[in-house]
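Trainee: Show me how the following folds:
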Amino acid sequence: MRKIFLVIALIFSLTLFSSRLHAQSSYQTALGVKVWDGGGISLKHFLGGGNNALEGIGYFWKQGFRITGLYEIHGAINNAGGLQWYIGPGAHVGVYNSRYGDGSYIGLDGVLGLDYKFSGAPINISIDWQPSFEFGDNRGFVGNWGGLGIRYTFK
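Mentor: Next comes the predicted model:
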């Protein structure tokens, strides 16, 4: 519950104060980290300079790892330069230790988030929620994936 409150507070803060920051939303590729319960490496690339992007995330933590691929559709938020919303589908594969059902799993993902590119600095931040459904014994809906991404942007 504490994590949900923190996510909502961060989204509200970004939305409220983004109009006061001078920002631009144009970048082609970004590489950095995504943090939540564990940590991950995130690579986001926009396709053909448009509003569609692919994001690959490698999450690593003490109970295993998970590789996720997402297709994201971005849209501008009026009067909030540099701030965009995004939504999209994806998939993942994961390996967990015995505490989480020892073995390998595949699943389907969704993503809903906010993305912000700072003006004058090659920095991008994002926050998102990635609900997923894993297939296998004792698997099912998982609603606690997502995270705070901090990335270095390339044109």
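
Trainee: List the contacts of Val93.
Mentor: Val93 makes contact with Arg66, Ile67, Ser104, Tyr105, Ile106, Gly107, according to CB atoms under 8 Å, 6 or more residues apart in numbering. For glycine as for every other residue, the C-beta is placed from the backbone atoms N, C-alpha and C.

Trainee: Let me fix that, I meant to ask about Gly147.
Mentor: Taking CB under 8 Å, 6+ apart, we find Gly147 in contact with Lys34, Val35, Trp36, Gly40, Ile127, Asp128, Gln130.

Trainee: do that again at 6 Å, thanks
Mentor: By CB atoms under 6 Å, 6 or more residues apart in numbering, the contact list for Gly147 reads Lys34, Val35, Trp36.

Trainee: nearest to Leu114, of these?
Mentor: Lys34 (13.6 Å; CB to CB).

Trainee: Look at the closest one and report its pLDDT.
Mentor: On pLDDT, Lys34 comes in at 93.

Trainee: returning to what we had before: which of the contacts of Gly147 fall within strands?
Mentor: Among those, DSSP state E puts Lys34, Val35 in strands.

Trainee: Show me which of the contacts of Gly147 are buried.
Mentor: For the contacts of Gly147, burial is judged from neighbour counts taken by 16 or more other CB atoms under 10 Å, and it is met by Lys34, Trp36.

Trainee: Which single one of the contacts of Gly147 is nearest to Tyr152?
Mentor: Nearest to Tyr152, judged by CB to CB, of the contacts of Gly147 is Lys34 at 13.1 Å.

Trainee: how close does that closest one get to Asp115?
Mentor: 12 Å (CB to CB, to the nearest Å).

Trainee: picking that back up, mind checking which of the contacts of Val93 land in strands?
Mentor: Short answer: these in strands (DSSP E) are Arg66, Ile67, Ser104, Tyr105, Ile106, Gly107.
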